[in-house]
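Q: Turn this into a model:
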Amino acid sequence: MRKRAGASRWAGALITTAAAVGVTAAGTAPATAAGPPPARAAVSAVRGPAQAPPGYGFDGSAERVRGAASSSDAVALSTGRTYRDTLRKDGRVYYRVDLDAELNAYVSVVAVPKAGGRVEYGDGFEVSLQDGSGVECGAQRARFSSAEYPRPLAAYARRTLDGTGSTCRQAGAYYVLVERQSKPGSSPDDWDLELRYTTEPGLRKAGPAELPEVWPSGTPAPPAGGPRGRQGGSGIVDAVSLGEGEWRADIRPGQTLFYRVPVDWGQQLFAGAELGSGATGKKYIGNALVLSLENPALGHVADRTVSYDGKPSTLALAPLRPVAHENRTSYAEDTGGMRFAGWYYLAATLNPAVGQEYGEGTVPLTLRIVLRGQAGPGPGYVADPGPFAVTAADRKAAEEGAAGSAGETAAAGRSGPMRALAATGLGGGTLLLLWLGGWTVRARRGARARA
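A: Model (predicted):
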């Protein structure tokens, strides 16, 4: 009897805990409604109670590492993994990747300054990839320009084997160097880093080595159908999927919303944003909204800012070339970045200064996405391109507004029955309740049989 009572109490405690988990999971599930936003959102009063904006959403599975002061002590990074570190003001740290002589390699860094801190024009970081002799294979800088307020910045370093050069082609140890550049007046706080390392297979045969001189650079008509509600994610890992259309969200001063759009070979992405009118305030805020675009390897492609004075204010990224393998032959970021198919990431940040004039409530935000051109075949990779492709599942995710790689990774790791249950929309707490309920019934039946 004592053993049965103990088991019952243990199961009861677990069921209580599971119920709490289920409630929490249900309360925090990302909104992916495809219908129109609530009527109140159309005339959203941007004044509201003071509330700190949500911070950057780091990958919960990321491994903590510490960059080394010397390449000789650099910790090795593995493909398909996410890592976290910090970088002090004017700091420089090394990491190591072991490359073969066949795959292109990309190491990305998302740098996240502390919210409420100070950044100045020119503050930022550079990430570069070097061989064992210190020869630089590829680098990119990410810097604050006229929009001088904290927000995540992304850049990547790369080693590509597409050209005919003789450097950085051998197999062996390569070193990733991340260097932070700061002005004297910027905050001394450490920046958080999120790092990823991915590879791209080569081609069965060499593709075009020159860009076409003529390409469709005209601005298309805005998407039809009216706005549909789709609130963004807090980071790369939970970026909310978008397809073509007009997408409505709410954004707080100092907040960054993350989205992702599947763009296939031969397709051309047009992206714009609009800040809706406010109920109060007329003060002019320069660089009130920043819209930034990163490619599937998280290399920076383009950005644009717009001011705000309480009236509707719109911006659009400059026209980008259709996705093509040969775009990588260009040194221009907005062309070279459109080098492969896959998920392209959009980050929208609202200037904290908006809160000083218009209150700390939300401001209406609308994103407009147009994809022009039919999806074409890839360039002929020798192996599975991994993230550098658009699948039917990606298109479905864009239609449904699924959150990013966190949900995909979890789903991929589930067994068949668990995946089927997950597809029904049951949360983790609900599943645990069902399992524990069945376990309790079986335990009691076994106890009665033994009695």
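
Q: Quick one: residues in contact with stretch 109-120.
A: With CB atoms under 8 Å, 6 or more residues apart in numbering as the test, stretch 109-120 has contacts from 52-53, 55-56, 58, 87, 124-125, 127, 142, 144, 148-156, 178, 180, 182-183, 185-187, 189-195, 235-236, 254, 298, 352. For glycine as for every other residue, the C-beta is placed from the backbone atoms N, C-alpha and C.

Q: what helix or strand does the nearest residue to residue 76 once chain neighbours are set aside sit in?
A: Nearest residue to residue 76, sequence neighbours excluded (CB to CB, 6 or more residues apart in numbering): residue 96, at 4.6 Å. Element membership for residue 96, per DSSP states H and E: strand 92-99.

Q: What average pLDDT does that strand get?
A: In this model, strand 92-99 has an average pLDDT of 98.

Q: ok, and what's touching it?
A: For strand 92-99, contacts defined as CB under 8 Å, 6+ apart pick out 65-71, 73-77, 83, 85, 87, 105, 107, 129, 159, 171-180, 195, 197.

Q: Report the buried residues of that strand.
A: For strand 92-99, the neighbour count (16 or more other CB atoms under 10 Å) marks 93, 94, 95, 96, 97, 99 as buried.

Q: and which of the residues you listed is nearest to residue 290?
A: The shortest gap between residue 290 and any of the buried residues of strand 92-99 belongs to residue 93, at 26.4 Å (CB to CB).

Q: coming back round to it: TSV please, covering the buried residues of strand 92-99 and showing distance to residue 370.
A: As requested, these are arranged in TSV below (distance: CB to CB, whole Å):
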residue	distance to residue 370
93	40
94	42
95	38
96	41
97	37
99	37
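
Q: nearest to residue 285, of those residues?
A: Closest to residue 285 out of the buried residues of strand 92-99 is residue 93 (35.4 Å), distances taken as CB to CB.

Q: Any idea what the closest one is bridged to?
A: residue 178 (DSSP bridges).

Q: Neighbours of the spatially closest residue to residue 129 that is not a sequence neighbour, how many?
A: Excluding the flanking residues, the one nearest residue 129 by CB to CB, 6+ apart is residue 157, at 3.9 Å. Counted by other CB atoms under 10 Å, the residues lying close to residue 157 total 28.

Q: Kindly report the same for residue 85.
A: Using other CB under 10 Å, residue 85 has 21 other residues around it.

Q: what is the orientation angle of the helix or strand it falls within with strand 92-99?
A: Secondary structure from DSSP H and E places residue 85 in strand 82-87. Angle, strand 82-87 to strand 92-99, by axes from the mean of the first three to the mean of the last three CA atoms, to 10 degrees: 160 degrees.

Q: so what secondary structure elements neighbour strand 82-87?
A: Helices and strands touching strand 82-87, by 3 or more CB pairs under 8 Å, 6 or more residues apart in numbering; DSSP states H and E, are strand 63-64, strand 92-99, strand 191-200.

Q: could you redo the last one with a cut-off of 6 Å?
A: Helices and strands touching strand 82-87, by 3 or more CB pairs under 6 Å, 6 or more residues apart in numbering; DSSP states H and E, are strand 191-200.

Q: Quick one: the helices in the stretch 301-450 of the chain, in order.
A: With DSSP state H, counting those that start in this stretch, the ranges of helices along the stretch 301-450 of the chain come out as 333-336, 353-358, 392-400, 405-412, 416-423, 428-450.

Q: neighbouring contacts of the first one?
A: Okay, so that is helix 333-336. With contacts defined as CB atoms under 6 Å, 6 or more residues apart in numbering, helix 333-336 is touched by 301, 302, 320, 321, 327, 328, 330.
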